[in-house]
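Chemist: Quick check, what structure comes out for this input:
(chains A and B)
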Amino acid sequence: MENHKGGYPMKKTVFNLANGLLLGSLILLTNCGSARRSEPLHGPLTMNEQVKRGQVVFMENCHKCHPGGEAGAGPSINNVPLTSWMLKARVRSRAFFFGIGRMPSFKKHEISREELNDLVRYIKVLKKHDEDAATAAR
Amino acid sequence: MKKNYLKAYTCLVLLAGSLLLSSCWKLRGHYGGPKSFEPVPRSIQPADIALPAGYKIEAIAQGLNYPTAITFDDSGNIYVTEAGYAYGEIWTQARLLRIEPDGKTTQVAEGGKNGPWSGLSFYQGNFYVSEGGTLEKGRILRITPNGAITPVIQDLPTGGDHFTTGPVIGPDGNIYFGLGTYTNSGVVGLDNYRYGWLKRNPQLHDIPCRDITLAGQNFITDNPLTPDPKDKATTGAYVPFGTPTTSGQVIKGSLPCSGAILRMPVTGGNLELVAWGLRNPFGLAFAPNNTLYVTDNAYDVRGSRPIYGAGDVLWAINQGPTWYGWPDYSEGKPLNTSDYETNKQDPRFVLANHPNKPPKPAAILGVHSSANSLDFSRNTAFGHVGEAFIAEFGDQAPEVGRIYGPVGYKVVRVNTSNGVVEDFAVNKGRTNGPASMHKSGGLERPIAARFDPKGEALYVVDFGVMPITEQGEAPKQKTGVVWKITKEATR
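Modeler: Presented below is the predicted three-dimensional model:
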């Protein structure tokens, strides 16, 4: 986590804590609902070329902690009620949820701006892939 | 405008705070009650397992004792190994069994107290078994159809945290097998004492395949090998517990070695290095294009040098011995970054220099998913030709690190051309997890996936019920199952 030694501004710390509380709680809230979206439960995901590219970015960077967007080493993200810009900000900045959050940040040399757009599009499409309740309930 | 924004923001934060207080989120802890290995009832309900449309699953054998691997003879008969050892320190009888059409089993061979028998192949009339080596070091065994056992090679340096694995027969007619490391990340520590083997063999340590130069990283721990509770031990990498190292110290490489894939003729003889710098190369399989693929179980958050957030990996193995990164890289990335740090200690390199830049993985799988044996689809009648089907044993959290939700406990398919991982067989339910956690009749701990010789059916070996209790792993005897998945149109 960030080193707060050396006069880290109090105002900024409070703001960060508030942000962390907000983001963390939104993430925690998602765990009250199912995040399962995979093909055996919901059928194959319909993807255009951008979503397919985003899926590859997801697999290289996100899947290991959020397998298929479900909870794993990290919390589930398929049911995160975050907007696209919030998702992008979250990917670019280090997590801070009372010092617990520890998802790494991904800089532009790791995930380019174009790749980030593709990634967020994939996450949004995956999140919405829950309408086929009949398949899920088999 | 700014005031309104602040008001809205304050409301959001207050709302978030109340959500936090009422949240149903929690980290997964120990489960399964007191540690016991006694058999427990296991419901078998294929309908509790979800598959893509058009596929069907059925159980063809159950009540097996820690089954680990499956193969087929030239007549298409089905054989499985029972491990003879399981995490939690229990030794049972290692066995090779034939599964009869009615689901009953016939014993072909039985091993000694040196399991686990972790892998199985059939080639030119004989079976080849990898024996883990918990008490007498690892071996590759040749077993005739009438049960005669001959070691092809023995004294392999495994039997610590990880075992001798594989074996598979390559297109060149050689036998390929894996050697898992003794330790999590190169340093013998208290986690190894708790697992039992450090007390039995305090001299053991990882062995590099080629000469390496150490950075001189040392780790101070309690010393459980002496009666003085205040006694401390200082331990470096690639040396026995309680042995410090120095910067620039050279550790001589040799074969056989730790964290490697080796090959040799099926008749025994010349041992060759295929790959090194692996951690626990559990599953080996050749793709239709004859490339060797290997699943590698990644680092845990345990021991003197814990590593956070390391995903299991599917490697495409290069021609010529390449170093894949253990113990200083994960998924092809260096460990000395905050991505892998824990609150105990930042992972710093233990090697002064690295043999090569590790390659990029074919796919990155879930952290702690325990991606084990795999096979490739070769038949359009089953579908997904060229994709790898991997059995994920499932996490051993919280012993290996904390998780937000169960990881693994399923079969996934991997497109090796782009690294995309898709679920293939998973338990139904609101969350992922083993059947015993859902109180359903589905998958527990898939450990091997292998197609029949025609490629029409995928067989999944399910190790059985293994909760992680306060006292450690508690694998339940006689809860193993073999599942068979077919595409309904081809039956």
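Chemist: can you map out the helices along the chain?
Modeler: Reading this off chain A. For chain A, helices defined by DSSP state H occupy the ranges A:10-30, A:39-42, A:49-61, A:84-92, A:113-127, A:133-136.
Chemist: ah, I was thinking of chain B
Modeler: Going by DSSP H, chain B shows helices at B:2-21, B:190-195, B:197-200, B:435-438.
Chemist: avg pLDDT for the first one?
Modeler: Looking back up the chat, that one is helix B:2-21. The average pLDDT within helix B:2-21 is 52.
Chemist: now do the third one
Modeler: What helix B:197-200 shows for mean pLDDT is 97.
Chemist: Tell me how many other residues crowd the residue lying closest to residue B:173 once chain neighbours are set aside.
Modeler: Of all residues not flanking residue B:173 in the chain, residue B:266 sits nearest, at 6.8 Å (Cβ to Cβ, 6 or more residues apart in numbering or on different chains). (Glycine included, C-beta is placed from N, CA and C.) Residue B:266 has 19 neighbours, counted by other Cβ atoms under 10 Å in any protein chain shown.
Chemist: Kindly report the same for residue B:107.
Modeler: So residue B:107, with other Cβ under 10 Å, has 12 neighbours.
Chemist: and what of the one 3 residues further on?
Modeler: Other residues within reach of residue B:110 by the criterion other Cβ under 10 Å amount to 15.
Chemist: need the contact list for it.
Modeler: B:93-96, B:147 (Cβ atoms under 8 Å, 6 or more residues apart in numbering or on different chains).
Chemist: Of those residues, which belong to strands?
Modeler: Assignment to strands by DSSP state E places the following of the contacts of residue B:110 there: B:95-96.
Chemist: Ranking by neighbours, what's the top pick from the contacts of residue B:110?
Modeler: residue B:94 leads the contacts of residue B:110 on contacts (other Cβ under 10 Å) with 27 neighbours.
Chemist: right, and that residue touches residue B:130 too?
Modeler: No: with contacts counted by Cβ atoms under 8 Å, residue B:94 stays clear of residue B:130, the gap being 11.0 Å.
Chemist: For the stretch 151-300 of chain B, which residues are neighbours of chain A?
Modeler: By the rule Cβ under 8 Å from any Cβ of the partner chain, no part of the stretch 151-300 of chain B lies against chain A.
Chemist: Run a quick neighbour tally on the closest residue to chain A within the stretch 151-300 of chain B.
Modeler: Residue nearest to chain A within the stretch 151-300 of chain B: residue B:298 (8.7 Å; Cβ to the nearest Cβ). The number of residues packed near residue B:298 is 29, by other Cβ under 10 Å.
Chemist: number of nearby residues for the residue lying closest to it once chain neighbours are set aside?
Modeler: Among residues not flanking residue B:298 along the chain, residue B:310 sits closest, at 3.7 Å (Cβ to Cβ, 6+ apart). Neighbourhood size, residue B:310 [other Cβ under 10 Å]: 29.
Chemist: Now do the contacts for residue B:310.
Modeler: For residue B:310, the contact set (Cβ under 8 Å, 6+ apart) comprises B:298-300, B:330-331, B:340, B:367.
Chemist: measure the nearest residue to residue B:377 once chain neighbours are set aside to residue B:93 for me?
Modeler: Spatial nearest neighbour of residue B:377, excluding adjacent residues (Cβ to Cβ, 6+ apart): residue B:384 at 4.8 Å. Note on residue B:384: its distance to residue B:93, by Cβ to Cβ, to the nearest Å, is 37 Å.
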